[in-house]
Structures are given as structure tokens and as C-alpha cells.
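> Curious how this folds, go ahead:
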Amino acid sequence: MATYIVGLVLAVALFFALKHVYHNFVSGHNDCCGSESGGCGCGCAECHSAKH
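Purely as a prediction, here's the structure:
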């Protein structure tokens, strides 16, 4: 029974993670600070120290 509960929790977490990624893709946002996109509007502290 615990296996099903853990699997359900992981499935829900994966759903919300993929939903977040899809929403960012559609809206043009990027979570990766060190990406090659050239923009830095990610909001994380490492963003300003990342080498572009």
C-alpha cells in the first residue's frame, strides 16, 4: 500500500513540474540561469554570476 501512496505522490509532483515547464515554454520564460538565451530574467541569485 505504501508503494502506491509514494507512486501517487511522485506522479502528482511530476505532473506539477511538467505543468510548470509547459507554462514557461508557452509564455517564453526560462528557468535556466546559465542558458544560451542571453536573457537573465530568471530571478535567482546565481543568475548574475553566471557566465553568458
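
> Check the secondary structure at Leu18 for me.
helix (DSSP: H, G, I helix; E, B strand; the rest coil).

> What distance do you get for it to Leu10?
12 Å (C-beta to C-beta, to the nearest Å). Just so you know, the C-beta spots here come from the backbone N, C-alpha and C atoms, and that holds for glycine as well.

> Count residues in the vicinity of Ala2, would you?
Using other C-beta atoms under 10 Å, Ala2 has 6 neighbouring residues.

> Quick check: it vs Leu8, distance?
For Ala2 relative to Leu8 (C-beta to C-beta), the value is 11 Å.

> Check Leu18 too.
According to C-beta to C-beta, Leu18 stands 16 Å off from Leu8.

> and if you look at His20?
Applying C-beta to C-beta to His20 and Leu8 gives a distance of 19 Å.

> repeat for Leu14
In this view, Leu14 and Leu8 are 11 Å apart by C-beta to C-beta.

> just Lys19 next, same as before
Distance, Lys19 to Leu8, using C-beta to C-beta: 16 Å.

> Walk me through the regions of this protein where pLDDT falls short of the threshold, as ranges.
31-52 (pLDDT under 70).

> do that again at 90, thanks
For the chain, the stretches with pLDDT under 90 are 21, 24-52.
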